[in-house]
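[1] Sharing a sequence plus its predicted fold:
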Amino acid sequence: MDKMRVLPLAILFLVVSTGAFGCNQEWTSYNGSCYKFETKALDIRMARKYCQVLKGDLAFINLNATTLIGFDSANKYWVTEDSIRLTNMDAPPPFQCPYLYQQNWVLLDSKCYRAVDQQSNFTVSLAACHDEQGQLAILDDEEKEKNAQAVIIGKDNIYLIGADRENGTFKWFNGKPFNPSCPVCTLLTSNGSCLGIKSSSRHPTMFQWENVECSAINSFLCEREVISVDVSTSSMTTSPPTTPPPTTPISLPPLLCPIGYNWKAFKDTNYCFWETTYESERLNWYQARQFCQAYGGDLATYRDSQEEDIGLGGAKGHYKGLWFGLRRGDDDIFRWVDGTELNYTNWDYDEPNLRSKSKYCASHASGNAKWELDYCGVRRWFICKAPKVRNPTLPDTSFPKTQCNFSSSPFYRHRWYLYKNHCYLIHDEPKYSWDLALNFCRDNEAHLVSIHSFNETDFILFASNIVSSSDYWTGLASKGLGSSFTWSDGTPLDFWYWFNDSGPNQTESMNTCVSFDPLRGFWKTAHCNKLQGVICKRGINATYDFPTQEPVVVLPGNCERGWYPQGNKCYKVFGKKWTQRLSWTSAQKACENESATLASIHNDDQQNFLTDLMLEIDDDAWIGLENLHRGSLFQWVDNSALDYANWDVNEPSLANDVTLSFLHWHTFSTSSNRLCSQIFSGRRWRIVLYVKL
């Protein structure tokens, strides 16, 4: 037989058996030793190294042993004396296989270890180990390193351990410096402040140290002390183990749901659920996951409809839209956050919508229990799922905002919040038009916000007022007929997030401005004179010297026949004949057919020019000032700033529509539910139009 052939292997774990302890999980006890069968295909040298990582060695098995422990005679194993010479048979390593602890704990030397594959950040990992009366594993000598390797061998994970960065170097929680037995196995190339040990199924006997961000999601390795038990010990012998003397039973606290709020236990498992509606703040999907992990759990996952009903709990019948633990990957495959297989779904009609480029997180729809995809940055309530624990404590689930620290900008100084290298001011009241919002930000040495990523969108959603009565102005606008959208701070338009992925609703008007939805984060076009909140943005150490308004430069060119130039625009009066006279709405449509709009007036020069045009018609004429729904806000139909007014005595009267006389503006009643404006001479209507040269 070729002794270097790749064969399955069996491992003999030589132990001291006291009778009070049994073998670890997945090991078989026989005659004072623990055996483990592996079907990995390895040559004899790798097989032995694999066994030694597990603190054992290849087994020597006689016929009786193969019969008693269920040895599979259909396979060949590296066990015979001519294939491997066993070492240290007379002095096996001091090891005891416990049965007193919960499953998945492994006793090695004087410590118990548990590899937790559930993905958590550093803070949650600390709490989870503490809940098990332990701590993150401290591997401050070679023997403890080997213990950790024996626990995580063959797994494809990074396991957080009990060390962190102090003054640029790593130290163990007990104060000892990080001094690994294999320095070349260390990959500390990032600025992460936490430490992990990495294993691989492809190279099961190789391990690597890695530093990671403490906020990153990883597996973790816990350790705890051995519970002292009064048992008698004996030397290893081939005779059956003796019965241990009576011991005092160990009393453990009961397993309970996390404390606080309305957690509900699921009777068929050791899990608890919490539907957080009205009991927590609304969070985006990622924050909601961190919130649940602080309780030792995660966003809820469902094996079936029964578990889903338990998770929904009191929300059933009045859904507000709830996050749970399902996410679409970049490969369009859906995965539960706990890594379990997706065998149950409850999608709503026309879901999941894989056409969307922004919707990746699953939620319960607002109107029913069905599932739908949404943008992960939306702030919602959510459903947590956590295992029962002993001695539960109330964790810190706050998400503090970091204030900017700068000496300038005396107004609203304490309302600026930091994201990366910029500061943001989110201003609700008073509300402003787009142009006034731009001036407000400049007065605070900032720009109207420009947005360049989904991550930045998530931050603004987190920092904004979710119950705001209006949207917020951004610095994105299209100024001028046929112009494109640009950011007011001059940064490139390299990212967009329009409502329903449909793009801007840009009309034929002269100006279009863009607002930010504080609940969902998408962009919407709006009339530039609409009063809304403001989001300002400035660099941490930036200084701004904003230019003053430059005078209007007259553009070259001429007006078409019948049109009169004034500044950079051309004007024409329509409706000289009675049959040509129209209502305000029809007049605006007629202007649009001419690639123009009803006129807006911004200074005395324009007012006087239009007054001169009306001398030849001696009648009323519509202009482009309106007020929708009889409110208190007037606006120009071309979306230009309302920066000039010339109302007559006792005007504007909000009971009527708006007209304009030779010298003053008047209200006037029309059949539409709008307040419209007109140049007024006391009798009929006239229409004034202009286009840009």
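    It's in.
[2] Thr585 in helix, strand or coil?
    In three-state terms, and counting by DSSP: H, G, I helix; E, B strand; the rest coil, Thr585 is helix.
[3] again with the one 10 residues further on
    Local secondary structure at Ser595 is given as coil here, using three-state DSSP.
[4] got the residue ranges for the helices in the stretch 501-650 of the chain?
    All helices of the stretch 501-650 of the chain, identified by DSSP state H, counting those that start in this stretch, fall at 584-593, 604-614.
[5] of all the ones you listed, which lies closest to Tyr564?
    Of all these, it is helix 604-614 that lies closest to Tyr564, at 6.6 Å by Cβ to Cβ. To be clear about C-beta, it is placed using only N, CA and C from the backbone, and glycine gets the same treatment.
[6] Point out the other elements, helices or strands, that that closest one touches.
    strand 564-566, strand 569-574, strand 674-680 (3 or more Cβ pairs under 8 Å, 6 or more residues apart in numbering; DSSP states H and E).
[7] Give the residue spans of the stretch 151-300 of the chain that score low on pLDDT.
    Low-confidence segments of the stretch 151-300 of the chain (pLDDT under 70): 181-191, 227-252, 268.
[8] Where do the helices of it begin and end?
    285-293.
[9] can you give me the strands for it?
    Using DSSP state E, counting those that start in this stretch, the strands of the stretch 151-300 of the chain run over 158-166, 169-172, 186-187, 194-198, 208-212, 218-225, 264-265, 271-275, 298-299.
[10] Would you mind listing the buried residues in the longest one?
    By 16 or more other Cβ atoms under 10 Å, the buried positions in strand 158-166 come out as 158-165.
[11] And the second one, by the same measure?
    The neighbour-count criterion (16+ other Cβ under 10 Å) identifies 170-172 as the buried residues of strand 169-172.
[12] For Asp140, see how far away Glu223 is.
    11 Å (Cβ to Cβ, to the nearest Å).
[13] the more surrounded of those two?
    Glu223 (24 against 20; other Cβ atoms under 10 Å).
[14] Next one: Ser148 from Ser363, what distance?
    Not Ser; residue 148 is Ala. Taking Cβ to Cβ, one finds Ala148 at 39 Å from Ser363.
[15] ok, the two, which is more surrounded?
    Ser363 (27 against 23).
[16] pretty sure that one is in contact with Tyr375, am I right?
    No - counting by Cβ atoms under 8 Å, Tyr375 is not a contact partner of Ser363; they are 10.0 Å apart.
[17] Around Trp209, how many other residues sit close by?
    Per other Cβ under 10 Å, the neighbour tally for Trp209 reads 22.
[18] Who is it paired with across the strands?
    Beta-bridge partners of Trp209, counted by DSSP bridges, are Thr186, Ile197.
[19] Surely it is in contact with Lys198?
    Yes - counting by Cβ under 8 Å, Lys198 is a contact partner of Trp209 at 7.4 Å.
[20] who's in contact with Pro254?
    Counting by Cβ atoms under 8 Å, 6 or more residues apart in numbering, Pro254 touches Arg390.
[21] measure it to Tyr360 for me?
    For Pro254, the distance to Tyr360 equals 39 Å [Cβ to Cβ].
[22] And for Glu132?
    33 Å.
[23] What's the local residue count around the nearest residue to Asn511 once chain neighbours are set aside?
    Nearest non-adjacent residue to Asn511, counting by Cβ to Cβ, 6 or more residues apart in numbering: Asn639, 3.6 Å away. Asn639 is flanked by 26 other residues according to other Cβ under 10 Å.
[24] My read is that Asn639 contacts Lys530, right?
    No - under the criterion of Cβ under 8 Å, Asn639 is not in contact with Lys530, lying 9.3 Å apart.
[25] Can you tell me the SS state at Asn310?
    Let me fix one detail, which is that residue 310 is Ile and not Asn. Under the three-state scheme (three-state DSSP), Ile310 adopts helix.
[26] Which parts of stretch 577-596 count as buried, going by neighbours?
    Buried, per 16+ other Cβ under 10 Å, within stretch 577-596: 581-582, 584, 587-588, 590-592, 596.
[27] now the end-to-end length of it.
    21 Å (Cα to Cα, to the nearest Å).
[28] Mind checking the pLDDT average for that stretch?
    For stretch 577-596, the mean per-residue pLDDT is 82.
[29] before we move on, which element is Thr457 in?
    Using DSSP states H and E, Thr457 sits within helix 454-463.
[30] Ignore what I typed, I meant Leu425.
    strand 422-432.
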